[in-house]
Structure formats: structure tokens, C-alpha cells
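Peer 1: Turn this into a structure:
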Amino acid sequence: MTPDGVARLVLDRLPLSQAEVSSVNALFLDDLHSGRERYYQPGDDLTLIGQRANGRLRLLQEILWVVPALECVVDRLSDEQLVGEVRGWLHCIAQLD
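Peer 2: Presented below is the predicted three-dimensional model:
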């Protein structure tokens, strides 16, 4: 598979748009800072932590895991439009707190 093919495959399968990523991240941070979103509290059953994340937060986590990997192929892309899309996603992820 070519670098362009890898990048297109990843981008086509991202479950949220850049705007949705920013929105979900902002909501999560707001909940985290206000104490509404906690991974666990003293006395909680730690085996249930993974089940607590809501659906959109899980999608955000997936994106935060895969998009940074595009950094290693962006300079090898031949399609300029694809380069712009990848750089846009990399910038979007870099702006998150």
C-alpha cells in the first residue's frame, strides 16, 4: 500500500469530523474540570473503568490514537489535497488540551 493509500484509508474511517473532535474534547474537559467526568473514585470497581467512557469519548480516544501516526507519512504523500487533509487533522489534534 502506498503512503497516499494509507492516509486515505485512515481518513475515510475516522468516526468524527474535526469540528466534532473539538466539541467532544471541550465537553470532556469541561466535565473533567467540574468533577462530573472521573475515571474512578475511591472504592470504585476498577474493572468497570473502560465501560464508563461514553460513545463519543471512545471515538475521540480512537482518533487521538491513530491520527498522530499520520505524521510519519505526510511528507511522503503525492496528492496535495490529501496532504492538506492530513495536516489539517494533525493541527486539529495538536490544538486539543
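
Peer 1: After the helix or strand bottoming out on mean pLDDT in the chain, which helix or strand is next? Please name it.
Peer 2: Across the helices and strands of the chain, mean pLDDT, DSSP states H and E gives its lowest value to helix 49-52, namely a mean of 53. Where DSSP states H and E defines the elements, the next helix or strand beyond helix 49-52 is helix 55-66.

Peer 1: ok, and what's touching that following helix?
Peer 2: Residues from elsewhere that reach helix 55-66 (Cβ atoms under 8 Å, 6 or more residues apart in numbering): 10, 14-16, 20-21, 24-25, 28, 53, 93, 96. To be clear about C-beta, it is placed using only N, CA and C from the backbone, and glycine gets the same treatment.

Peer 1: so for the helix or strand harbouring residue 11, what's the average pLDDT?
Peer 2: Here residue 11 sits within helix 3-12, counting by DSSP H and E. For helix 3-12, mean pLDDT is 96.

Peer 1: can you tell me how far residue 31 sits from residue 68?
Peer 2: Distance of residue 31 to residue 68, given as Cβ to Cβ, to the nearest Å: 24 Å.

Peer 1: Next: residue 60.
Peer 2: Residue 60 is 13 Å from residue 68, where distance means Cβ to Cβ.

Peer 1: These two: which has the busier surroundings?
Peer 2: A count of neighbours by other Cβ atoms under 10 Å puts residue 60 above the other of residue 60 and residue 68, at 23 against 13.

Peer 1: shaky segments in this structure?
Peer 2: Where the chain drops to pLDDT under 70, the residues are 35-54, 97.

Peer 1: could you point out the longest helix in it?
Peer 2: helix 18-34 (DSSP state H).

Peer 1: returning to what we had before: packing partners of the helix holding residue 11?
Peer 2: Packing partners of helix 3-12 (3 or more Cβ pairs under 8 Å, 6 or more residues apart in numbering; DSSP states H and E): helix 80-94.
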